[in-house]
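**Student:** give me a 3D structure for the following:
(one chain, ligands or ions: 1)
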Amino acid sequence: MSSHARPALAVIGGSGFYDFFDNEATNVEVETPYGAPSAPIAVGEVEGRPVAFLPRHGKSHEFAPHTLPYQANMWALRSLGVRRVFAPCAVGSLRGDWGPGTVAVPDQLVDRTSGRPQTYFDGGGVHVSFADPYCDDLRTATIKSANDALPMKGAGTMVVVQGPRFSTRAESRWFAGQGWDLVNMTGHPEAVLARELEMCYAAVALVTDLDAGLEEGAGVHAVDVFAEFKRNLAPFKELIRRSVAAVTETDTCDRCRVHTGVSLPFDLP
Ligand SMILES: [Zn+2]
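**Tutor:** Numbering: from 1, shown residues only. Just a heads-up that it's a prediction; the model follows:
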């Protein structure tokens, strides 16, 4: 990794975050027991701190939410020394009062995905605690870093669907009826794999659209979602930068440690 210090902090997000660093980033190729991550990991500096960045969907958005190499991605970050991960993502809103441009820092997650490998432990009685899926230290750092450009919601429940299709109106109304606030396609198994590797993790969700159940028109369309994300990308990136600069650069917090007493099924540096 040449002259770069080991990054304790990371951001896993859209490819629009490539110009996130204060300096020229170094791309690090990482191979894992689970194959290659979505892309080489860029390591650069933010406010004097070494930070790793992984474009979740690949350099040219070549991975769909259901084909992402989630296990390789989280392993690769951890293998570089990362212990705390901010995970910006695009979401649909299940609430009429959280319109496009709202940022939410969810505190709960509901998994509606299927068929995605979601653990590193395929043998033995290993069951990690996941009651609180997101790290409070990271959530607090983002909430405190709110800027005027994007309204901030400091809690919420994010339901993660399999995709790549958007929800039907009935599904969307059902989700909203459960009291869930946001819908997304990549937040799981990312969060639980981070927990298994004892990395603090927090999703930071940018609302790009009202989900189908709330939307009166023709339903949700990808072209509108991408356009809306792009519209708010600059202030959203600034929020993530400020969050990275604000959070304590430390080892995993006590609440995000797994304490399984069981060794991982591979060696980590
Ligand atoms: Zn934590």
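**Student:** does stretch 122-135 reach the ion?
**Tutor:** Yes: using C-beta under 5 Å from the ion, stretch 122-135 reaches the ion at residue 135. The C-beta positions use only the backbone N, C-alpha and C, and glycine is treated the same way.
**Student:** count of residues packed around residue 235?
**Tutor:** 15 (other C-beta atoms under 10 Å).
**Student:** and what of residue 110?
**Tutor:** Counted by other C-beta under 10 Å, the residues lying close to residue 110 total 17.
**Student:** quick one: name the residues of the stretch 51-200 of the chain near the ion.
**Tutor:** Counting by C-beta under 5 Å from the ion, the stretch 51-200 of the chain sits next to the ion at 135, 200.
**Student:** and stretch 143-156, how far out from the chain middle?
**Tutor:** 16 Å (C-alpha atoms, centre = their mean, to the nearest Å).
**Student:** please shift the residue numbers so they start at 252 in all later answers.
**Tutor:** Sure thing, new numbering starts at 252, so read that last one as stretch 394-407.
**Student:** so what touches that stretch?
**Tutor:** 349, 352-359, 390, 432-433, 456-457, 483, 486-487, 489-490, 493-494, 496-497 (C-beta atoms under 8 Å, 6 or more residues apart in numbering).
**Student:** what about it, start to end distance?
**Tutor:** 13 Å (C-alpha to C-alpha, to the nearest Å).
**Student:** repeat for stretch 465-478
**Tutor:** So stretch 465-478: terminal residues 19 Å apart, C-alpha to C-alpha.
**Student:** so for it, mean pLDDT?
**Tutor:** For stretch 465-478, the per-residue pLDDT values average out at 77.
**Student:** what's the burial count for whichever residue of the stretch 252-401 of the chain sits closest to the ion?
**Tutor:** Using C-beta to the ion, the closest approach of the stretch 252-401 of the chain to the ion is made by residue 386 at 3.1 Å. Using other C-beta under 10 Å, residue 386 has 24 other residues around it.
**Student:** same check, this time on residue 349
**Tutor:** Quick note: residue 349 (other C-beta under 10 Å) scores 22 neighbours.
**Student:** correct me, but it touches residue 459?
**Tutor:** No: with contacts counted by C-beta atoms under 8 Å, residue 349 stays clear of residue 459, the gap being 11.4 Å.
**Student:** just the buried subset of the contacts of stretch 394-407, please.
**Tutor:** Those of the contacts of stretch 394-407 that meet the buried threshold are 349, 352-359, 390, 432-433, 456-457, 483, 487, 490, 493-494, 496, by 16 or more other C-beta atoms under 10 Å.
**Student:** report the buried residues of stretch 405-425.
**Tutor:** 407-412, 414, 417-418, 422-424.
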